[in-house]
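Visitor: The following block contains a protein sequence and its predicted model.
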Number of protein chains: 2
Amino acid sequence: MPSTRASGRPRYGTLVIVGGHEDKTGERVIHRALVHRLGGGGLAIATVASEQPDALWREYAALFRTLGVADVRHLAIASRAEADAPEAMAALDGVRGVFFTGGDQLRITGLLGGTLAAERIRDVYETGGLVGGTSAGASVMSVTMLVSGAAEESHRLGGSLRMAPGLGLLPDVIVDQHFAERGRVGRLLGAVAQNPTILGVGIDENTAVLVEQAPDAPCFRVVGEGGVFVVDGQGASYTNVSEEEENRTLSLFGVRLHVLSQGDEFDLASRTPTNHPAEEVDAALGLRDGAS
Amino acid sequence: MPSTRASGRPRYGTLVIVGGHEDKTGERVIHRALVHRLGGGGLAIATVASEQPDALWREYAALFRTLGVADVRHLAIASRAEADAPEAMAALDGVRGVFFTGGDQLRITGLLGGTLAAERIRDVYETGGLVGGTSAGASVMSVTMLVSGAAEESHRLGGSLRMAPGLGLLPDVIVDQHFAERGRVGRLLGAVAQNPTILGVGIDENTAVLVEQAPDAPCFRVVGEGGVFVVDGQGASYTNVSEEEENRTLSLFGVRLHVLSQGDEFDLASRTPTNHPAEEVDAALGLRDGAS
């Protein structure tokens, strides 16, 4: 995954992966944490997941300007040609962060995959910048992403679960969003069962994970109101996921499960959570009065 | 828990614990398995959880008669006095099974707890008979039962989760029902976090666990369409559940999780699942043509 570019060896930055419906009018802890990490740099708002990009752009531009980001730009892409065009390059030129709004994750990967814009976005991350996304914009972070699947039922073999190649910034993980609110534990377990080496990370609404290379292995911290559900299938003893029988309900034995809340950290290399007081985040993420 | 009665040493029978909304018009695998276990004995339908008991009685009486139960009786109890009355004793006299329909689990325990009817029902179980229940009737099986709690969100400390003493036929377990369909994983994890020695068992709709002493330790088998979610918190490394902070989201690290589907077995003593083909249940539970 890490590639060596003209800019030198990769020095990964921060991923801000948001479970959707994040608070935009109250405390806005997630956006404030993002702005803190941005460190005064420019931010491109990528509305490519949506067919109504302008309203999203106006909403997020106002939000980030209120939080002190002087240089906010719109990365508006409605075709693959636009993703290679000078306008897209200009929107990304010199920014320190890119934030993907919600919509359809296949629009993001279908329109961006293999384009110059996708390469520039990866460059931002691999030179220490920030890439974030909410809802569909969260799902695309992983190498293989969840596209769709049944909610509020246990996973069925041969059912509606669909996966596709994502933007690939976060390896060995599958992200799901709107997690508790849309009853998605069944589909995340179904995804993990298909290859238990992949870690399942389900993020609630108004909740985010901030992934950083700290100090040399990827680690994430939870920020926000809800929970983050981590499914580690590595030690699973059995699954029937490869059986032929359509519509059979999934069996999956011996999964390790962690539920994390604000402040808690998770080491992605050792797959180990560490608890921290929720308030610790205030200082660490610059959420104290006026810190952002 | 096991008590020695006039009838001799306890010889526990079968618990049939149903996640609600079980199929009553098609294959009816759950009811057929129940009838098979009943072995030709009489069955009392306990509608005590509901304030509309008569419609439920008519529906279940017709269903079980169609499946070959000759002696079906109505255990209709609307007050604690009725639970000690001769009519209740007559409804339970000599039956080999009792089945609790759905409604409000606190009606079952509030009206039956400490009465003669409750004692007789325990006798049925402790002399090798069957006690079953669906939805609210499933929740009451455990020593401590789940009464209510938020759905479709991660568990919050000091939130709406309520527990109460159940009928106590199944120790060391907390049962939840309508599990995937109502997004109840958060509340089950919240319950387990409060005392991780308790095993959490979440049962989907149209799905049941049949608990038996096989041969000398309790074991359950899954029957039906959906999944059964088993949360084993015994090895959990951390939880914030005892923190004072109201509305903080639950953290719970290092839970062991198993998802079971039809045929699969779970040893409640060793807390170990074993996989079995779904079809195996057909023979074991008398679900082959006309077997019931």
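Guide: Received the coordinates, thanks. Residues are numbered from 1 along each chain as shown, chains lettered A, B, ... in the order given.
Visitor: residue farthest from the centroid of chain A?
Guide: What lies farthest from the middle of chain A is A:Glu245; by Cα atoms, centre = their mean that is 33.1 Å.
Visitor: check contacts around A:Gln213.
Guide: A:Tyr12, A:Cys219 (Cβ atoms under 8 Å, 6 or more residues apart in numbering or on different chains). In short, each C-beta sits where N, CA and C put it, glycine included.
Visitor: ok, now A:Gly103?
Guide: A:Thr47, A:Val48, A:Ala49, A:Ser50, A:Glu51, A:Ser135, A:Ala136, A:Gly137.
Visitor: what mean pLDDT would you report for the longest helix along chain A?
Guide: The longest helix of chain A (DSSP state H) is helix A:53-66. With pLDDT averaged residue by residue, helix A:53-66 scores 98.
Visitor: tell me which residues of that helix are tucked away?
Guide: A:Pro53, A:Leu56, A:Trp57, A:Tyr60, A:Ala61, A:Leu63, A:Phe64 (16 or more other Cβ atoms under 10 Å in any protein chain shown).
Visitor: Which residues does that helix contact?
Guide: Looking at what lies outside helix A:53-66 - Cβ under 8 Å, 6+ apart - the contacts are A:24, A:28, A:31, A:35, A:43, A:45, A:47, A:50, A:72, A:74, A:76, A:78, A:99, A:101-102.
Visitor: got it, and stretch A:236-247?
Guide: Under Cβ under 8 Å, 6+ apart, the answer for stretch A:236-247 is A:156-159, A:190, A:193-194, A:196, A:248, A:250-255, B:261, B:273, B:275, B:278.
Visitor: Closest one of the buried residues of helix A:53-66 to chain B?
Guide: When those are compared for distance to chain B (Cβ to the nearest Cβ), A:Leu63 wins out at 23.6 Å.
Visitor: Helices of the stretch 1-150 of chain A, residue ranges please.
Guide: For the stretch 1-150 of chain A, applying DSSP state H, counting those that start in this stretch gives helices covering A:29-38, A:53-66, A:86-92, A:105-112, A:116-126, A:136-139.
Visitor: which residues touch the fourth one?
Guide: Contacts to helix A:105-112, defined as Cβ under 8 Å, 6+ apart, come from residues A:46, A:48-51, A:77-80, A:82-83, A:100, A:118, A:121, A:136-137, A:139-140, A:145, A:147, A:164-167.
Visitor: go with 7 Å
Guide: A:48-49, A:77, A:79-80, A:83, A:100, A:118, A:136-137, A:139-140, A:145, A:147, A:164-167 (Cβ atoms under 7 Å, 6 or more residues apart in numbering or on different chains).
Visitor: List only buried entries from the residues you listed.
Guide: The neighbour-count test (16+ other Cβ under 10 Å) marks A:48-49, A:77, A:83, A:100, A:118, A:136-137, A:139-140, A:145, A:147, A:164, A:166-167 as buried among those.
Visitor: Is A:Gly226 in contact with A:Gly202, as I believe?
Guide: No. Contact criterion Cβ atoms under 7 Å: A:Gly226 and A:Gly202 do not qualify, at 10.0 Å.
Visitor: now the strands for the stretch 101-250 of chain A?
Guide: Applying DSSP state E, counting those that start in this stretch to the stretch 101-250 of chain A gives strands spanning A:130-134, A:144-148, A:162-165, A:173-176, A:199-203, A:207-213, A:218-224, A:228-232, A:238-239.
Visitor: is A:Val173 in a bridge, and if so with what?
Guide: Note on A:Val173: beta-bridge partners by DSSP bridges are A:Leu199.
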